[in-house]
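# have a look; sequence and predicted model below, questions after that.
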Amino acid sequence: MSLVLDAGALDRLDEFEAAGFGVPRYNVRAMRAATAERPSWVHLGAGNFFRSLHAVVAQRMLDAGHDTGVILANLRDPAVIENSRATDDLFVNAVMREDGSLEPTVIASVAESHHLGSDAGWARVTEVFESPSLQLVTLTVTEKGYIVSDEDVARGPGRAGGAIPALASLLLARFAAGAAPIALVSTDNFSDNGERLATAVNRVAEAWAADGRAPAAFASWLQDGSSATFPSTMVDRITPAPSPAVGEALAALGLETTRITERASGGPLAAFSNTEPVSYLVLEDDFPNGRPPFESGGVVLGDRETVGRADRMKVCTCLNPLHTAMAVTGCLLGFTRIAEMMRDSDIRRMVVGVGAVEGLPVVDTPEGMDPAAFLREVIEKRLPNPGLPDAPQRIASDTSQKVGIRFGETIRRHVAAGSAQSLTWIPFAIAAWIRYLLAVDDQGAPFERSPDPLLAELDERLAGVRFGEPRTATAAREFLTDASIFGVDLVAAGVAPTVIAHLSSLLHGPGAVRSALFSLAHS
Ligand SMILES: NC(=O)c1ccc[n+]([C@@H]2O[C@H](COP(=O)([O-])OP(=O)(O)OC[C@H]3O[C@@H](n4cnc5c(N)ncnc54)[C@H](O)[C@@H]3O)[C@@H](O)[C@H]2O)c1
Ligand SMILES: O=P(O)(O)OC[C@@H](O)[C@@H](O)[C@H](O)[C@H](O)CO
């Protein structure tokens, strides 16, 4: 049977079901009409993670009887929304089980999708923001998406700038249209992501209010604590970019729409997402205009403290620091799959060292969760999942935006506990990142680094550190004082000497990364 995701697919869902695909249990057309009339949820940042987490949560709520879906908006590349519309905003979410089998589901919870760079898209999303029924906006715009440039602020309201000024402009329209309350929900991988979003949006609103581009009352409205809220979240589901192998497995089930294209702005686009079985969405329950019935979508709701602890457990201790350490060493050692790296005993020891030995002793325990059990599941099941096509190269993207979040909190806690000087695996991971930045792999061959907004600046700052010259490791000392990168001044924290010692070993020449890793793993 040949299964095609197109405008007629909604009439052929029985064929998808017969071929083994999960299908929506609700009337998709009725959901779209209800959403157009009473929009409730907008998502900004139409990436893979949205498809495998938010859209799945929305589908579960719809299956359980909720009647409105998600309005998807993307700012940057028009191809992202063109890709969504090409399949009538339908896609397949393929869950890759640890036994190698596949669980595909047709997801239909995206009611509309809009490119914010087009007149029509901006007008429709503005209209949605003006609607009193809108309850929340979620974001996955990557860590760098929260950077607000001075030019963005100077440009004033409109859609030309980055994600945060665009969001502030849409909120200004909401304020002008009656100022109904709203929750603004960051679902990017920061600890305390609610606060981070609030800081970014408020900075823009205050600057516009100060130079008369927005009423002063707009900035106060955003900050009064009850009109606009910024709930914290913990989000978790390892979602690699769509992989050709998963596309082939879906094609074997009869799906025709499995082509993967490369977007001009980088990254693949497909009519499917691929992800793991485990997922967590923990939300601070602070929605001033009401909220969808998230409980029926499998979401855990809690207070700020609970969510913050869950988030720090995952982002600062039990998952993302392991990922970052694996990403940079994996790229240096020539790996292209995380699961394969987990079969390497030295790398496994590094992962245990970063998470269990150095992270767990200073982690906060979130209510109802056990960090040691969470970490065990990450190390024993999730990272080694052979079906999950995750790559160190994906995870290495934007490391400059993440290294402080991944390691800074743990280092600060060790400083407070007086144990910072005993750290060795985290300093090794930081040294490996600097070694990675030299763009020479462990064989001595050049490799292409993953995108990162600071690459050019980092090259300049680390120009004195040279492959094959271990003594140049000390040239990184000044860089290690930069708390805006590392979340803490590593020299003041007493961690810099260990980083420099590791970096010196890593700079010895071909084979030095493997040999330093081996020595540390066996010390
Ligand atoms: N993929 C995962 O496993 C995963 C899991 C947990 C959390 N997250 C969070 O979700 C984010 C996105 O992950 P993804 O897998 O969807 O990535 P992706 O590359 O598939 O999508 C990234 C999205 O962010 C937008 N974007 C990129 N740079 C931007 C910028 N400077 N300003 C505004 N928007 C920008 C893109 O247009 C796209 O919509 C991550 O950075 C992370 O914070 C991802
Ligand atoms: O998405 P980033 O860039 O913040 O980090 C890369 C990965 O560590 C991340 O995407 C994980 O897969 C995810 O956090 C798992 O929930």
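Ah, there it is. Ligands and ions are numbered 1, 2, ... in the order given.
# all strands of the stretch 251-400 of the chain, in order?
Counting by DSSP state E, counting those that start in this stretch, one finds strands in the stretch 251-400 of the chain at the ranges 261-262, 268-269, 272-275, 280-284, 300-302.
# most packed of the ones you listed?
Neighbour counts averaged per stretch over these are highest for strand 272-275, at a mean of 26; criterion: mean count of other C-beta atoms under 10 Å. (Glycine included, C-beta is placed from N, CA and C.)
# give me the number of residues near Pro292?
Burial of Pro292, expressed as a neighbour count using other C-beta atoms under 10 Å, amounts to 22.
# is it true that it touches Thr68?
Yes. Under the criterion of C-beta atoms under 8 Å, Pro292 makes contact with Thr68 at 7.4 Å.
# residues shared between the contacts of those two?
Here Pro292 and Thr68 have 40-41 as joint contacts, going by C-beta atoms under 8 Å, 6 or more residues apart in numbering.
# state the distance from the residue nearest to Asp236 when sequence neighbours are not counted to Trp208.
Once flanking residues are discounted, Asp236 sits nearest to Tyr280: 4.1 Å by C-beta to C-beta, 6 or more residues apart in numbering. As judged by C-beta to C-beta, to the nearest Å, Tyr280 and Trp208 stand 36 Å apart.
# next one: Ala94
Shown here: Ala94 relative to Trp208, a distance of 43 Å by C-beta to C-beta.
# go on, Arg394?
When C-beta to C-beta is the yardstick, Arg394 and Trp208 sit 36 Å from each other.
# please say which of the two ends up with more neighbours.
More neighbours sit around Trp208 than around the other of Arg394 and Trp208, counting by other C-beta under 10 Å; the figures are 24 against 19.
# Met341 contacts Phe335, doesn't it?
Yes. Here Met341 lies in contact with Phe335, judged by C-beta under 8 Å, at a distance of 5.0 Å.
# shared neighbours of these two, anything?
Residues touching both Met341 and Phe335 comprise Pro392, with contact defined as C-beta under 8 Å, 6+ apart.
# more crowded one of those two?
Using other C-beta under 10 Å as the criterion, Met341 and Phe335 rank with Met341 on top: 24 against 19.
# tell me the pLDDT at Val28?
The per-residue pLDDT reported for Val28 equals 98.
# next one: it from ligand 1, what distance?
23 Å (C-beta to the nearest ligand atom, to the nearest Å).
# ligand 2 contacts on this structure?
For the chain, the residues in contact with ligand 2 under the definition C-beta under 6 Å from any ligand atom are 143, 189, 236-238, 319-320, 323, 395, 397-398, 402.
# switch to 8 Å and redo it
Residues of the chain found near ligand 2 (C-beta under 8 Å from any ligand atom) are 49, 142-143, 188-189, 235-240, 280, 314-315, 319-320, 323-324, 327, 390, 394-395, 397-398, 401-402.
# can you tell me which of the residues you listed are up against ligand 1?
On the criterion C-beta under 8 Å from any ligand atom, 49, 142-143, 188-189, 235-240, 390, 394, 397-398 are the entries of these that sit beside ligand 1.
# are any of those residues buried, and which?
For those, a burial check counting by 16 or more other C-beta atoms under 10 Å picks out 49, 142-143, 188-189, 235-240, 390, 394, 397-398.
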